[in-house]
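Asks: Sharing a model prediction with you, sequence too.
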Amino acid sequence: MPELKFSEAQEMLRKVVREFVEKEVVPIAHRIDVENECPVDVFKKMGTLGFAGVFVPQEYGGAGMGLTERAIILEEISRHAAGFAMILMTHHLGVEAILSYGTEEQKRKYLPDLASGRKIGGLAVTEPSGGSDVGGQQTSAEFKDGRWVLNGRKCFITNSSNADVTVVTARTGEDAKGRPAFGAFILEAGTPGFAPGREENKFGLRGSGTGDLLLNDCEVGEEALLGAQGNGAKLALATIAKVGRTGMSAISVGILRGCLEEGVKFAKERILYGKPIAKLQAIQLEIAQNRVDYEAARLLTYQAIGLKESGANCDAEIAAAKYFSTEAAVRSAKRTIDLMGGYGVMNDYPVGRYLRDAMATIPSGGTSHVMQLVIAGQTLA
Ligand SMILES: Cc1cc2nc3c(=O)[nH]c(=O)nc-3n(C[C@H](O)[C@H](O)[C@H](O)COP(=O)(O)OP(=O)(O)OC[C@H]3O[C@@H](n4cnc5c(N)ncnc54)[C@H](O)[C@@H]3O)c2cc1C
């Protein structure tokens with residue numbers, strides 16, 4: 001199948017990731033889903049290969065590559081285990097927030113451990129008041145006697161139990177126009193008053209823990225504030241667009257490739273009427289649609305990432321990639337299950353998991369409704 005044009009170094013990276021995934025991830029992909037356990041040891045191994053800090057400059061212990069290379073890594077892992085890729089994808093949210101908004105001191109303190117995979121990162125924005133309504137966050141951060149005191153509850157946070165370093169947003173007061181103002185804070189696991197709460201039992205993207213983070217009079221020094229006071233919501237939205245939505249797109253591209261490849265394999269092996277079902281035109285149509293969805297998602301995703309890396313204002317292109325890829329992954333998984341007949345719903349095959357994983361990519365990083373609003377907003381501007 002023709003590939004997008006990647007550089008030689010990027011192709012080499014893809015090969016390294018593919019070998020790693022086949023050796024370390026494929027054998028445990030089903031178990032990760034069944035047991036819903038984050039294989040922290042495999043995450044640490046990814047760190048030694050540079051995946052945890054792929055886009056972090058070498059001076060902070062990273063691999064010094066970019067978001068395209070990151071997408072290659074996420075795509076390759078998600079071809080077999082999107083839930084595991086989700087752990088890395090969210091780790092990168094915390095990394096990116098510190099890399100783009102941290103002081104030199106914060107970068108030197110946190111990035112080497114995060115980039116090497118010795119520590120796991122996260123970003124906590126969503127609250128029970130609604131993830132789409134970022135301005136509705138109730139978690140508060142009060143500045144008292146030179147210390148920030150945080151109180152509130154975050155929900156649906158990936159890596160909530162596993163993250164060592166989480167960037168948490170909280171309401172710090174009001175801006176000059178009386179609107180709520182937010183700050184972002186770097187919180188370390190084990191800080192008194194900061195702890196994981198209930199863990200969700202998701203049907204998709206299992207293995208990546210999702211749960212509450214509780215803040216009860218959690219006190220941190222001024223050095224925990226990330227970026228300017230009042231800039232927390234902007235920081236979170238920019239990080240989610242740049243790294244979250246492009247990451248979810250890349251994960252969906254991996255799921256789409258999984259659907260395409262599993263469908264082709266099954267269609268060639270399953271014999272009906274004395275010949276493989278690949279000879280049936282109805283099945284060929286399903287395969288063709290799977291291929292078109294995969295290639296379109298891939299083009300949109302890598303194009304949007306390329307635009308972002310070139311410094312373009314491309315929120316709509318990123319939203320389009322995320323919207324199309326996540327929805328296409330659901331369509332493609334359903335189609336693959338259909339073409340497999342009864343086998344499609346058997347857990348001996350991974351396609352049922354692909355459908356569940358694809359469904360779970362839709363709200364993560366912003367729902368399809370919200371993506372369409374971003375696209376329409378820029379189109380109508
Ligand atoms: C697997 C997973 C992992 C996640 N990881 C993280 C994480 O690490 N950190 C984090 O902060 N959050 C995380 N989230 C939360 C995620 O960002 C939110 O689920 C998402 O933003 C939607 O918020 P909500 O679930 O509160 O839905 P709501 O915001 O309550 O939305 C409910 C419905 O209203 C629709 N809607 C909302 N606003 C509008 C509008 N303006 N116009 C039209 N329709 C609208 C939505 O599309 C949806 O259908 C994760 C979620 C999932 C599922």
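Replies: Happy to help now that I have it.

Asks: same question for stretch 118-136, mean pLDDT?
Replies: Stretch 118-136 comes out with an average pLDDT of 95.

Asks: Same question for that stretch: list its buried residues.
Replies: Within stretch 118-136, the residues scored as buried using 16 or more other CB atoms under 10 Å are Lys119, Ile120, Gly121, Gly122, Leu123, Ala124, Val125, Thr126, Glu127, Gly131, Val134. C-beta: built from backbone N, CA, C; applies to glycine.

Asks: same thing with stretch 207-216?
Replies: Quick answer for stretch 207-216 (16+ other CB under 10 Å): Gly207, Ser208, Gly209, Thr210, Gly211, Asp212, Leu213, Leu214, Leu215.

Asks: which one among those residues gets closest to Thr326?
Replies: Minimum distance to Thr326 across these is 15.4 Å, recorded for Ser208 (CB to CB).

Asks: so the residue in the chain positioned nearest to the ligand is in which element?
Replies: Residue of the chain nearest the ligand, by CB to the nearest ligand atom: Gly131 (2.3 Å). Assigned by DSSP states H and E, Gly131 falls within no helix or strand.

Asks: Over to Ile77?
Replies: Here Ile77 sits within helix 67-101, counting by DSSP H and E.

Asks: does that helix come close to the ligand?
Replies: Yes - judged by CB under 6 Å from any ligand atom, helix 67-101 comes into contact with the ligand through Thr90.

Asks: Heading C-terminal from that helix, find the next helix or strand.
Replies: The first helix or strand that comes after helix 67-101 along the chain, using DSSP H and E, is helix 104-115.

Asks: which of the residues in that following helix are buried?
Replies: Gln106, Lys107, Lys109, Tyr110, Leu111, Pro112, Asp113, Leu114, Ala115.

Asks: Could you do stretch 159-175 as well?
Replies: 159-172.

Asks: Of those, which are in range of the ligand?
Replies: Okay, of the buried residues of stretch 159-175, nothing touches the ligand (CB under 6 Å from any ligand atom).

Asks: can you tell me which of the residues you listed are in helices?
Replies: If you go by DSSP state H, the buried residues of stretch 159-175 have nothing in helices.

Asks: measure the residue nearest to Gly152 when sequence neighbours are not counted to His80 for me?
Replies: Distance criterion CB to CB, 6 or more residues apart in numbering; nearest residue to Gly152, sequence neighbours excluded, is Thr139 at 2.7 Å. Noted for Thr139: a distance of 36 Å to His80, by CB to CB, to the nearest Å.

Asks: Check Lys154 too.
Replies: Plainly put, Lys154 is 30 Å away from His80 if you go by CB to CB.

Asks: what's the burial count for Glu8?
Replies: For Glu8, the count of nearby residues is 7 (other CB atoms under 10 Å).

Asks: Now do the contacts for it.
Replies: For Glu8, no contacting residues are found, by CB atoms under 8 Å, 6 or more residues apart in numbering.

Asks: So for it, what's the pLDDT?
Replies: At Glu8, pLDDT is 96.

Asks: with the buried residues of helix 104-115 in mind, which one is nearest to Lys144?
Replies: Ranked by distance to Lys144 (CB to CB), the buried residues of helix 104-115 are led by Gln106 at 21.8 Å.

Asks: Contacts only, for the closest residue in space to that closest one that isn't next to it in sequence.
Replies: Spatial nearest neighbour of Gln106, excluding adjacent residues (CB to CB, 6+ apart): Ile98 at 6.0 Å. By CB under 8 Å, 6+ apart, the residues touching Ile98 are Gln106, Lys107, Tyr110, Leu111, Leu114, Gly121, Val165, Val167, Ile186, Leu226.

Asks: repeat that for 10 Å
Replies: 56, 60, 106-107, 109-111, 114, 121, 123, 165, 167, 184, 186, 226-227, 239 (CB atoms under 10 Å, 6 or more residues apart in numbering).

Asks: how about the residues of the stretch 201-350 of the chain near the ligand?
Replies: Counting by CB under 6 Å from any ligand atom, the residues of the stretch 201-350 of the chain close to the ligand are Lys202, Leu205, Thr210.

Asks: again, only using 8 Å
Replies: Applying CB under 8 Å from any ligand atom, we find that the stretch 201-350 of the chain lies next to the ligand at Lys202, Gly204, Leu205, Ser208, Thr210, Ala236, Ile240, Gly244.

Asks: Now do the third one: how many residues are near it, please.
Replies: Residue crowding around Leu205 was assessed by other CB under 10 Å; the count is 29.

Asks: That one - that's part of a helix, no?
Replies: No - if the criterion is DSSP: H, G, I helix; E, B strand; the rest coil, then Leu205 is coil and not within a helix.

Asks: Surely it is in contact with Ala85?
Replies: Yes - assessed by CB atoms under 10 Å, Leu205 is found in contact with Ala85 at 8.5 Å.
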